[in-house]
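Need coordinates for the following:
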Amino acid sequence: MAGWLTGKVTEKIQWNDRLFSLRIQSAFKDFVPGQFVRVALDIEGERVARPYSLVNNPDDDTLEIFFNIVLEGPLSPRLAALEAGDEVFLSEKATGFLIINEVPECRHLWLLATGTGVGPFLSILNSQQAWLRFEKIVLAYSVRDLSELSYRQQISAIEKQHGDQFLFVPFITREEVAGAINKRIPESLEEGSFEQRTGININENDSHVMMCGNSAMISSVTECLEKRGLRKHRRREPGHITIEKYH
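Sure, this is the predicted structure:
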């Protein structure tokens, strides 16, 4: 059984009534941007753990996770109740396939996220490796309303730093907001407004798509892209579509 490290919460950020980020100080060692760790609390005599992607850059002094409250869940409401100074447990190692080390050579990297699925992509975007590898990086970030569009300042800083190499497309599905597409990602991909906004197309010759978030979005987008000739990426069979499996 994997060992556990003790971490101390240094800061809690509340984005709205259901979205939170925790910054955690620990002896955790290096990870690859895009990977996840297991975070745990002892609840009624049992150590309850769930996987959470890391938002921060590996060079940062603290770890950061981004999560939503699952009301019927045993862990997330308790994590949201933590304050600076409280302790949590962390798995000793990070894991995960949603890393650009695994992406075959291509020109354009597409990062498609819903909700808290944007977390691992922020870690990737705040590292240098991605910017050395790809001509263009597109981040699509879909939420229900503007209050859920978290990390806006960080995304704006990435836009300023990387200019035309970075394209950010916000999707807000339940209210109309200037500058955002008022559709879900699969619908926008099917009818063309997503790619029209970016000025480039997703294709099997120069694109790789990474997805994290709602399973319905991932399934629908995968189905759409497979019709174009793209296929899921596996180490033994390089392809164009990478998704994360938390286990």
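
Let me see the domain layout of this structure.
4-91, 100-243 (automatic domain parsing).

Dump these into JSON lines; add mean pLDDT as well.
Listed next are the domains of the chain as JSON lines, based on pLDDT from 0 to 100:
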{"stretch": "domain 4-91", "mean pLDDT": "96"}
{"stretch": "domain 100-243", "mean pLDDT": "96"}
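
Now render those domains as TSV, adding mean neighbour count.
The way it works is simple: take the backbone N, C-alpha and C, and place the C-beta from them, glycine included. Formatted as TSV, the domains of the chain follow (neighbours: other CB atoms under 10 Å):
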stretch	mean neighbour count
domain 4-91	17
domain 100-243	18
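
For Phe89, see how far away the residue lying closest to Pro238 once chain neighbours are set aside is.
Leaving aside its sequence neighbours, Pro238 sits nearest to Pro104 (CB to CB, 6 or more residues apart in numbering; 4.6 Å). Counting by CB to CB, to the nearest Å, the gap between Pro104 and Phe89 amounts to 36 Å.

try Asp59
Using CB to CB, we find Asp59 at a distance of 23 Å from Phe89.

Equivalent analysis for Arg228, please.
Arg228 is 43 Å from Phe89, by CB to CB.

Which stretches in the chain count as helices?
Listed in chain order, the helices of the chain (DSSP state H) span 76-80, 119-125, 129-133, 152-162, 185-191, 193-198, 215-226.

mind listing what the residue sitting furthest away from the middle of the chain touches?
Residue farthest from the centre of the chain, counting by CA atoms, centre = their mean, is Gly45 at 31.5 Å. Applying CB atoms under 8 Å, 6 or more residues apart in numbering to Gly45 gives no contacts.

swap in Arg38?
Arg38 is in contact with Ala2, Ala49, Arg50, Pro51, Tyr52, Leu90, Ser91, counting by CB under 8 Å, 6+ apart.

can you list the residues you listed in TSV and add distance to Ala27?
Converted to TSV, those look like this (distance: CB to CB, whole Å):
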residue	distance to Ala27
Ala2	15
Ala49	18
Arg50	21
Pro51	20
Tyr52	18
Leu90	9
Ser91	12
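
Okay then, goodbye and thanks.
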